[in-house]
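In: what's the 3D shape of this:
(2 chains)
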Amino acid sequence: MKAVRNLATAFLLVVAIMAVFGWRWASDLPAPKRAGARTALVLTAAVSLAGITYIRTVKPTDSS
Amino acid sequence: MQTMSESGTVKSWGEKLNGPRHERALWIYAAVVLAHWAEHIAQVIQIYLLGWRVPDARGICGLAYPELVRLEILHYAYALVMLVGFWVLRSGFVGRSRTWWMTAFWIQFWHHIEHALLQGQAIFGHNLFDSPVPVSLAQLAVPRVELHLFYNTIVTVPMAIAMICHMLPSAPERAHMRCGCARRRKTPASEDSAVVLEPRS
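Out: Reported below is the predicted structural model:
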């Protein structure tokens, strides 16, 4: 179980890091494309990090 | 197709896939998803880190077979396979995991519609909005690479959460599961000794 959580975490972390690099890369794009690309990248990073948080904390609902 | 199980009950292919074969099916499905992701991650590394031009960044397989990336049918086929996989494997999920799995399904449904639009333009040889290349609706606002990075993320995150919730079911959820995906659970008294109380269903 720990291995599955770690694999999912590592994978989503890579996605979030790529989104950060994408943000930097998008500075060279023309303004309308830059806004669109950065919006998608911010949402990608946010969803990835939210996913990591949930995956690291989820427990069986009756185990608390 | 239906076959007779050891207990004498007739099990359809779908029941077996969502029962005794659910875990294996999910591992295969996850491997396919990760292989697809490897292509997208490779592509963004080529663009964001290596500074390649977008048309030259074709992932891993696309370097050896450049025509693959240009084939809209390949992208559409993968989106369809994903959608069918979500649907076929859904009944093995119960409770929280079912909610997350179906969330991923419906997001993938929209992702598949976008790919169908691209595929339609490739078939009819006429692109929307007088674009030189096939474009989807969301591509009007977001470039294709970033858009599909986002789409794949919002499909994969609920899918991964569904799989983990499925492996860690509550007692009521466990009672309704027909597969062997649930991980064994420790009681508070056995935290240190890791004594297993429940066999995998």
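
In: Near chain B, which residues of chain A are found?
Out: Proximity of chain A to chain B, by Cβ under 8 Å from any Cβ of the partner chain, involves residues A:1, A:4-5, A:8, A:11-12, A:14-15, A:18-19, A:21-22, A:24-26, A:29, A:33, A:36-37, A:39-41, A:43-44, A:47-48, A:50-51, A:54-55, A:58-63. Bear in mind the C-beta positions are built from the backbone N, C-alpha and C, glycine included.

In: make it 7 Å
Out: Taking Cβ under 7 Å from any Cβ of the partner chain as the criterion, chain A approaches chain B at residues A:1, A:4-5, A:8, A:14-15, A:18, A:21-22, A:25, A:33, A:36-37, A:39-41, A:43-44, A:47-48, A:51, A:54-55, A:58-62.

In: and residue B:82, what does it touch?
Out: In this structure, residue B:82 makes contact with residue B:108, judged by Cβ atoms under 7 Å, 6 or more residues apart in numbering or on different chains.

In: If we use 10 Å, what do you get?
Out: Counting by Cβ atoms under 10 Å, 6 or more residues apart in numbering or on different chains, residue B:82 touches B:29, B:32-33, B:36, B:104-105, B:108-109, B:111-112, B:115, B:152, B:155-156, B:159.

In: Looking at those residues, which is nearest residue B:13?
Out: The nearest member of these to residue B:13, counting by Cβ to Cβ, is residue B:29 at 15.7 Å.

In: Of all the residues in the helix or strand containing the closest one, which ones are buried?
Out: Take DSSP states H and E as the rule and residue B:29 turns out to sit in helix B:22-44. Within helix B:22-44, the residues that qualify as buried are B:22-23, B:25-26, B:29-30, B:33, B:36-37, B:39-44, counting by 16 or more other Cβ atoms under 10 Å in any protein chain shown.

In: wait, does the helix or strand just after it make contact with chain A?
Out: For helix B:22-44, the succeeding helix or strand toward the C-terminus, using DSSP H and E, is helix B:61-64. No: for helix B:61-64 and chain A, the contact criterion (Cβ under 10 Å from any Cβ of the partner chain) is not met; the two come no nearer than 17.3 Å.

In: Stretch A:28-40: how far from the chain's middle?
Out: Relative to the mean C-alpha coordinate of its chain, stretch A:28-40 is positioned 18 Å out (Cα atoms, centre = their mean, to the nearest Å).

In: separation between residue B:101 and residue B:162?
Out: The spacing between residue B:101 and residue B:162, counted by Cβ to Cβ, to the nearest Å, is 4 Å.

In: would you list every one of the helices in chain A?
Out: Remark: helices assigned in chain A by DSSP state H are A:2-25, A:31-57.

In: helix, strand or coil for residue B:178?
Out: coil (DSSP: H, G, I helix; E, B strand; the rest coil).

In: Let me know the distance separating it from chain A.
Out: Relative to chain A, residue B:178 is positioned 18 Å away (criterion: Cβ to the nearest Cβ, to the nearest Å).

In: Same question for residue B:141.
Out: Looking at residue B:141 against chain A, where the rule is Cβ to the nearest Cβ, the gap reads 5 Å.

In: And residue B:154, by the same measure?
Out: 6 Å.

In: okay if I get the helices of chain A as a markdown table plus distance to residue B:87, mean neighbour count and mean pLDDT?
Out: Compiled in a markdown table, these are given as follows (distance: least, Cβ to Cβ, whole Å; neighbours: other Cβ atoms under 10 Å in any protein chain shown; pLDDT from 0 to 100):
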| stretch | distance to residue B:87 | mean neighbour count | mean pLDDT |
| --- | --- | --- | --- |
| helix A:2-25 | 22 | 17 | 94 |
| helix A:31-57 | 22 | 17 | 96 |
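
In: got CSV for those, with distance to residue B:86 too?
Out: What follows is the helices of chain A, written out as CSV (distance: least, Cβ to Cβ, whole Å):
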stretch, distance to residue B:86
helix A:2-25, 17
helix A:31-57, 17
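
In: who wins for proximity to residue B:49 among the ones you listed?
Out: Taking Cβ to Cβ as the measure, the helices of chain A were each checked against residue B:49, and helix A:2-25 came out nearest at 6.0 Å.
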